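1. The following block contains a protein sequence and its predicted model.
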Amino acid sequence: MPKWLAWAREIQSLCQTGLAFSSSNYETERYRRLIEIAAEMVAAHTEMPAAELVRNFSAQPGYATAKIDVRGAVVRDGRILLVQERRDRCWCMPGGWADVGDIPSEMVAREVWEESGFKVEPRKVVAVYDANRGGRPLEFYHAFKIIFLCEVTGGAARPSDETMAADFFDFDDLPELSWQRTNEKHLAEVRAHLEDGQRPAAFD
């Protein structure tokens, strides 16, 4: 992770927490200015406008914590289910951000259904990863990724509002991956769990 991104992320998270507990207009104004500085840092290194970043950063209320990304590892006949994302036209295991109030296993089952058309039953947790420490960050915000091994119980492949296609692929013949969502490390761990049913969950 580049230093500028680490610094901007830390400034944003400290300000988010600071705003949640600020007790005076003086503190609030200083934290808001620091959010603007964090946005300017990111804008200087990306194509994202600073004003849009400020709105995004300011929309994150309360104490700053990591987000949760859930992914469904759905394997049928030795082949892994992947969906093609509309945003980058690359492929990944179906999933997404966990919503407040949702049970993780129910969330991943719903994400798989919505993105691929398959009904599944989560069977075990394959891994819990720090999604931002694989060479490239998932998003600006710190995130954890939970991968569930799931069994197909019904449905058929179809696209969705977020995905262009859904299909099963051989582990040795994969399409171009949407690396921030699913990468070779994730798939290697899924494959290891298929080969060893007693393998414990991997974690960072």
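-> Nice, thanks for sending it over. Numbering: from 1, shown residues only.
2. can you give me the helices for the chain?
-> Using DSSP state H, the helices of the chain run over residues 3-21, 25-45, 50-58, 104-116, 184-195.
3. Any regions of the chain where pLDDT drops low?
-> 133-140 (pLDDT under 70).
4. okay, now the domains of this structure?
-> 3-58, 67-203 (automatic domain parsing).
5. For Ala127, name its beta-bridge partners.
-> Ile147, Ala202 (DSSP bridges).
6. Tell me who's in contact with it.
-> Contact partners of Ala127, counting by C-beta atoms under 8 Å, 6 or more residues apart in numbering, are 145-147, 186, 189, 201-203. Using the backbone N, CA and C atoms, a C-beta is placed for each residue, glycine as well.
7. Tell me the one of these nearest Glu40?
-> For the contacts of Ala127, the minimum distance to Glu40 (C-beta to C-beta) is 29.0 Å, reached by Lys145.
8. And for that closest one, the neighbour number?
-> If you count neighbours by other C-beta atoms under 10 Å, Lys145 ends up with 24.
9. Quick check: it vs Ser58, distance?
-> Distance, Lys145 to Ser58, using C-beta to C-beta, to the nearest Å: 26 Å.
10. Please name the residues that touch Tyr129.
-> Tyr129 makes contacts with 144-145, 147, 185-186, 202-204, as judged by C-beta under 8 Å, 6+ apart.
11. List the contacts of the spatially most central residue of the chain.
-> In the chain, the centroid-proximal residue (C-alpha atoms, centre = their mean) is Asp69; its distance is 3.7 Å. If a contact means C-beta under 8 Å, 6+ apart, then Asp69 has 95-98, 131, 138, 143-146, 181 as its contacts.
12. From those, which land in strands?
-> 95-97, 143-146 (DSSP state E).
13. Show me how far stretch 53-62 is from its chain's centre.
-> Distance, stretch centre to chain centre, for stretch 53-62: 18 Å (C-alpha atoms, centre = their mean, to the nearest Å).
14. Can you say which of the helices of the chain is nearest to Ala165?
-> helix 104-116 (9.1 Å).
15. now for that closest one, which elements pack on it?
-> Secondary-structure packing of helix 104-116 (3 or more C-beta pairs under 8 Å, 6 or more residues apart in numbering; DSSP states H and E): strand 67-76, strand 79-85, strand 95-97, strand 118-130, strand 143-155, strand 163-170.
16. Please point out which parts of it sit buried.
-> Residues 105, 107-113, 115-116 are the ones in helix 104-116 that count as buried (16 or more other C-beta atoms under 10 Å).
17. Over to stretch 176-189?
-> Neighbour counts using 16+ other C-beta under 10 Å place 177-183, 186-187, 189 of stretch 176-189 among the buried residues.
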